[in-house]
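Q: mind looking at a prediction? Sequence and model below.
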Amino acid sequence: MRRCGVINCVVKAIIARRPSDVMVSLMKGRFITLEGSEGVGKTTNMQFIKSCLEQLGIECVVTREPGGTSLGEKIRALLLDRDSESIDDYAELLLIFAARAQHLARIIKPALVRGVWVLCDRFTDATYAYQGGGRGVPDESITVLENLLQGDLRPDLTIILDIDPEIGLARVKERGEFDRFEQEQLHFFQRVRSAYLARAAADTQRYRVVNVTRTLTEIQSDLRQELDHFIQRVQ
Ligand code: TMP
């Protein structure tokens, strides 16, 4: 009887441990995400980070959210379409997590298991910042979906490129047409920025905030330093 009890406990523990949690312990690659509000220069700086890692002989894949897979890119097009009907906040949230589920299953987890590093342009922190901070979706709702899809998987390092949204939006304006998110008002992006900074303040181990109102040389020198510290920590 006692043995049966123990076995039952073990079986329950195994069932409770979702496959994604088991997978995290098998992941040998590192997961780095780059975040920030509009106009912070993510594309340029992502290429810089990639080249720094490659110089050190670290194999990495560069990907983005929403997107990163064929299905994810279709969902991205729906989300960014500025001619779309008004999208309900929860429909938006679920579309983002649908794209993320596919991205995790097809790109992110397989790379990490192979020992390849993943550099992702936005991830779940963007959901807390845009849908949570910007739209006002409760963090608890986002956390339920995060835990369901990601299990224990979280980025190892998250770099937040920080800028006053007024300056960021002026940069976006210079580029031309606005997408559905970029059409939002300044106070939306102020809430997005506050949400990012609050997350960074709550976990100084994982997050690094880089001020991008300086020259590219200064920004990239900071990025290089942050990467060096991170690599020393994990290798
Ligand atoms: P991009 O600016 O990196 O191209 O991203 C496209 C937009 O998607 C950007 O305005 C932020 C938005 N977004 C969210 O609202 N929630 C999310 O979880 C992600 C990943 C992006």
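A: Done, it's in. Numbers count the residues shown, from 1 in each chain.
Q: every contact and neighbour count from this point should use C-alpha atoms.
A: Will do.
Q: ok, the residue in the chain that the ligand sits nearest to - contacts?
A: Nearest to the ligand in the chain, going by Cα to the nearest ligand atom, is residue 127, at a distance of 3.4 Å. By Cα atoms under 8 Å, 6 or more residues apart in numbering, residue 127 lies in contact with 93, 96, 142.
Q: you'd agree the first one is up against residue 130?
A: No: Residue 93 lies out of contact with residue 130 (Cα atoms under 8 Å); the separation is 9.7 Å.
Q: just the contacts of residue 127: which are in helices?
A: 93, 96, 142 (DSSP state H).
Q: what's near enough to touch the last one?
A: In this case it means residue 142. Going by Cα under 8 Å, 6+ apart, the list of residues near residue 142 reads 93, 127-128, 132.
Q: for residue 201, state which of the residues you listed is nearest.
A: Checking the contacts of residue 142 against residue 201 with Cα to Cα, the nearest one is residue 128 at 14.1 Å.
Q: wait, the closest one touches residue 139, no?
A: Yes: between residue 128 and residue 139 there is a contact under Cα under 8 Å: 6.6 Å.
Q: who has more neighbours out of these two?
A: When neighbours are counted by other Cα atoms under 10 Å, residue 128 and residue 139 differ, and residue 128 comes out ahead with 24 against 14.
Q: can you tell me how far that one is from residue 150?
A: Shown here: residue 128 relative to residue 150, a distance of 15 Å by Cα to Cα, to the nearest Å.
Q: equivalent analysis for residue 65, please.
A: Residue 65 is 15 Å from residue 150, by Cα to Cα.
Q: for residue 123, which non-adjacent residue is spatially closest?
A: residue 65 (6.0 Å; Cα to Cα, 6 or more residues apart in numbering).
Q: contacts only, for that neighbour.
A: Applying Cα under 8 Å, 6+ apart, the residues near residue 65 are 72, 76, 99-100, 120-123.
Q: pLDDT and secondary structure for these - can I get that in JSON lines?
A: What follows is the contacts of residue 65, written out as JSON lines (pLDDT from 0 to 100; DSSP: H, G, I helix; E, B strand; the rest coil):
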{"residue": "72", "pLDDT": "98", "secondary structure": "helix"}
{"residue": "76", "pLDDT": "98", "secondary structure": "helix"}
{"residue": "99", "pLDDT": "98", "secondary structure": "helix"}
{"residue": "100", "pLDDT": "98", "secondary structure": "helix"}
{"residue": "120", "pLDDT": "98", "secondary structure": "strand"}
{"residue": "121", "pLDDT": "98", "secondary structure": "strand"}
{"residue": "122", "pLDDT": "98", "secondary structure": "coil"}
{"residue": "123", "pLDDT": "98", "secondary structure": "coil"}
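Q: among those residues, which one has the most neighbours?
A: In the contacts of residue 65, the most neighbours by other Cα under 10 Å go to residue 100, 26 neighbours.
Q: tell me the contacts of that residue?
A: 65-67, 72.
Q: do that again at 10 Å, thanks
A: 64-69, 72, 75, 94, 106, 108, 123-124, 146, 149-150 (Cα atoms under 10 Å, 6 or more residues apart in numbering).
Q: cool, and residue 104?
A: 20, 68-69, 110-111, 149-150, 153.
Q: quick test: name the residue nearest the centre of the protein.
A: For the chain, the residue nearest the mean C-alpha position is residue 123 (1.7 Å; Cα atoms, centre = their mean).
Q: so how far is stretch 89-97 off the chain centroid?
A: 15 Å (Cα atoms, centre = their mean, to the nearest Å).
Q: what sits up against it?
A: 65-67, 72, 75-76, 78-79, 87-88, 98, 100-101, 103, 123-124, 127, 130-132, 135-137, 141-142, 145-146, 149.
Q: circling back: pretty sure the residue nearest to the centre of the chain contacts residue 159?
A: No: the pair residue 123 / residue 159 is not scored as a contact, 11.2 Å apart, by Cα atoms under 10 Å.
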